[in-house]
Structures are given as structure tokens and as C-alpha cells.
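*Asks:* Coordinates for the following, if possible.
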Amino acid sequence: MLLTIDVGNTHTVLGLFDGEDIVEHWRISTDARRTADELAVLLQGLMGMHPLLGEELGDGIDGIAICATVPSVLHELREVTRRYYGDVPAVLVEPGVKTGVPILTDNPKEVGADRIINAVAAVDLYGGPAIVVDFGTATTFDAVSARGSTSAGSSPPASRSRSTRSASRAPSSARSRWPGRAA
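*Replies:* So this is what the prediction gives:
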């Protein structure tokens, strides 16, 4: 089964997939102070309740995919995969990872992993062109071209106050400017 982990500024959503079917999912709070060991205990507790998985952490997991917008949590999850899932292939989406969706911005490394994955999913599910709206801690809008590239759009002014509050937890998030508005 594939374990997916989507770390947002406020919540972390975990999913367990058997092929294309999601067989279980959980939502926990994102805490940038959690250590790799604490995250492993949390994972073991959640997955230990699932009947398709074994009793040991990692039993039944044959792949891991991680997307994180909080660098400190990404660092700890990298340690979790190394220490507790060493034999399980893992993909961590972060700046510089090739996804097949070109990021057409001045500095693609400033585009959050969540926005990259949103574009990848839009291309995979619907092709292009598409507009992706993510109603996370900050509402974001991203455009995907007919050729499958994204310009990693904007956050509207109304969501800026919410995204500013979470900025201390997500230092890698570059603030986007709404066209025609001062920062």
C-alpha cells in the first residue's frame, strides 16, 4: 500500500492507498516542533488500528509519498522514512524534484510543494488548461496551461492575513502578490 502524507501549515493529512482506492485517511495538526520519533509513534498508532497492516511500523507499506510546506516537518519526515521505513521507496516533493510539470516562474524553488502537487494532479486528472484553487490555510489560485505547465499564480488579498499568521510555521512559502495590489 502507498502511504501519502500532505503536510500543510495547519493540518497534516495522511492517506493509505491500495492501488487507486483510498482505504484509510487521517487528519492531524501540524506541529513544527514534533520530532521524527514522535511522528513515528503517531504513524504507528494510526496505522496500527488498520486491519490490512501488520503490527510493526511499515508492515504492508510498499511506498511513501510526502508533500510538505513546512521545512522543519519535512526534515523530520525525511528522518522517519530513513529510520523506520528504510526499505520502503519514498518520494519527497520539494523544490528541484522533477514532476513532469514545468514551473514557469522566475525562481521555481520558491513555489511550495503543495502548489506543485496541485498542478501535477490537475494535469494528471484533467489535462490543461486548468485553474487550480486550493482552500488551505491560504487560498491559492494556480493556472495550468494547455501544455501542462504552471505559472504558480497568486493568493488573493483576503487570504493574506491568514497566510501571514502561518508564515512562522512555513518559512519556505514565498508570498505571492495579487496583480495590481501592493504587498
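*Asks:* only C-alpha atoms for contact and neighbour calcs from this point on.
*Replies:* Fine.
*Asks:* where exactly do the strands run in this protein?
*Replies:* Remark: strands assigned in the chain by DSSP state E are 2-7, 11-18, 21-29, 63-68, 90-93, 130-135, 139-144.
*Asks:* what does the longest one contact?
*Replies:* Contacts of strand 21-29 from elsewhere in the structure, counted by CA atoms under 8 Å, 6 or more residues apart in numbering, are T10, H11, T12, V13, L14, G15, L16, F17, L46, H50.
*Asks:* Would you mind finding the most buried of the strands of the chain?
*Replies:* Comparing the strands of the chain on average neighbours per residue, with mean count of other CA atoms under 10 Å, the densest one is strand 2-7 at a mean of 21.
*Asks:* Rebuild the strands of the chain as TSV, extending it with mean pLDDT and distance to D37.
*Replies:* Below are the strands of the chain laid out as TSV (pLDDT from 0 to 100; distance: least, CA to CA, whole Å):
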stretch	mean pLDDT	distance to D37
strand 2-7	95	16
strand 11-18	94	16
strand 21-29	94	16
strand 63-68	94	17
strand 90-93	92	18
strand 130-135	89	30
strand 139-144	86	32
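*Asks:* Can I get these in CSV including distance to T99?
*Replies:* As requested, those are arranged in CSV below (distance: least, CA to CA, whole Å):
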stretch, distance to T99
strand 2-7, 16
strand 11-18, 20
strand 21-29, 22
strand 63-68, 12
strand 90-93, 8
strand 130-135, 17
strand 139-144, 14
